[in-house]
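Chemist: Sequence below, structure please.
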Amino acid sequence: MARQEDKIIGRRLRASYVSTVMSITLVLFVLGLLGLIILQAQQLSDRVRESIVVSVFIDDNATDGAISRFQSELEAMPSVNETRYISREEAAKELMQALGEDFVDFLGYNPLSALFQVSLKAAYTNPDSMLVFEQEVVRRSIVSDVDYQKSLVHLVNENVTRIGIALLAFSVLLLMIAFALINNTIRLSVFSKRFLIKSMQLVGATQAFIRRPFIVRGVMQGVIGAIITIILLMLTLYAGQRQIPEITMFYDIRMLGILFAGVLLLGVIISWISTYFAVRKYLKIKTDYLYLY
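Modeler: Prediction:
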């Protein structure tokens with residue numbers, strides 16, 4: 001009879017342990033998915049910003065040597081991501097392809113100037129930084145004019161800021177919900193052992209001694225839940241890559257590593273805090289009130 005009761009208790013304990021781990025896993029998985037969405041949105045935002053082209057027009061009297069030196073100066077600027085030189089002949093050829101007719105023969109000369117198409121790094125594609133870049137470049141004697149779509153720059157920055165604030169607010173809300181769910185799950189797990197906690201306390205065990213195994217178990221549950229979450233997130237990334245191969249261009253291995261480390265750290269911290277305060281509650285409660293909580 002005693003063995004049968006031990007088996008039943010053992011099954012219940014294992015079921016409680018598994019259910020706690022699965023609850024932590026599901027909550028962390030939702031948080032991890034949100035993290036992936038934020039990372040992908042950031043990568044997409046950076047690519048959109050860097051696709052904005054600044055046209056730096058070159059004076060018609062500039063020599064090849066001066067143009068080459070100016071290109072080196074451009075590429076050395078911390079704000080510049082990439083440069084592309086288009087000669088007058090190449091510019092005319094591209095325009096003829098776009099128009100579908102030879103305007104050079106019609107006019108009798110090539111009215112276009114050579115230019116550099118410059119893309120700036122994402123951090124510098126805001127109105128203030130681009131204005132600074134324009135003022136710095138236009139001072140060069142070799143430069144005749146600088147042109148870019150100012151309205152597009154304002155529109156992109158406004159939309160990125162708006163989306164960023166919305167994602168931040170949603171992330172904070174989801175983090176609070178995640179903490180509440182994991183906390184309640186662990187509190188229920190500790191609740192089932194409240195009589196054991198009080199019995200150990202009555203026979204003289206210190207609070208630290210009683211608390212230690214619960215915290216170790218809680219942290220282990222958080223670690224296991226986080227590891228399962230990381231595996232699920234990797235499978236999600238793999239499935240996304242199979243369905244949309246182009247999505248790999250937005251992957252950043254370093255940022256993914258930080259995300260996975262954050263999931264692991266979050267699982268440990270929330271589990272530790274929740275277990276600590278749950279055990280603390282039953283250490284302080286009077287024996288007569290154990291049946292009420």
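Chemist: in the stretch 101-250 of the chain, which spans are helices?
Modeler: Per DSSP state H, counting those that start in this stretch, the stretch 101-250 of the chain carries helices over the ranges 103-107, 127-138, 150-191, 194-202, 207-243.
Chemist: At the geometric centre of the chain, which residue do we find?
Modeler: residue 39 (2.9 Å; C-alpha atoms, centre = their mean).
Chemist: Quick check: end-to-end length of stretch 185-196?
Modeler: In stretch 185-196, first residue to last residue: 19 Å (C-alpha to C-alpha, to the nearest Å).
Chemist: ok now that stretch, how far from the chain's centre?
Modeler: 35 Å (C-alpha atoms, centre = their mean, to the nearest Å).
Chemist: which residue packs closest to the residue nearest to the centre of the chain, ignoring adjacent ones?
Modeler: residue 255 (5.3 Å; C-beta to C-beta, 6 or more residues apart in numbering). Where you see a C-beta, it was placed from the backbone N, CA and C, and this is true even at glycine.
Chemist: So that neighbour belongs to a helix, correct?
Modeler: Yes: judged by DSSP: H, G, I helix; E, B strand; the rest coil, residue 255 forms part of a helix.
Chemist: wait, which of the helices of the stretch 101-250 of the chain is closest to residue 30?
Modeler: helix 150-191 (6.9 Å; C-beta to C-beta).
Chemist: Counting by contacts, list what that closest one packs against.
Modeler: On a contact count with 3 or more C-beta pairs under 8 Å, 6 or more residues apart in numbering; DSSP states H and E, helix 150-191 meets helix 2-50, helix 127-138, helix 207-243, helix 253-284.
Chemist: 10 Å - rerun?
Modeler: If you count contacts as 3 or more C-beta pairs under 10 Å, 6 or more residues apart in numbering; DSSP states H and E, helix 150-191 packs onto helix 2-50, helix 127-138, helix 194-202, helix 207-243, helix 253-284.
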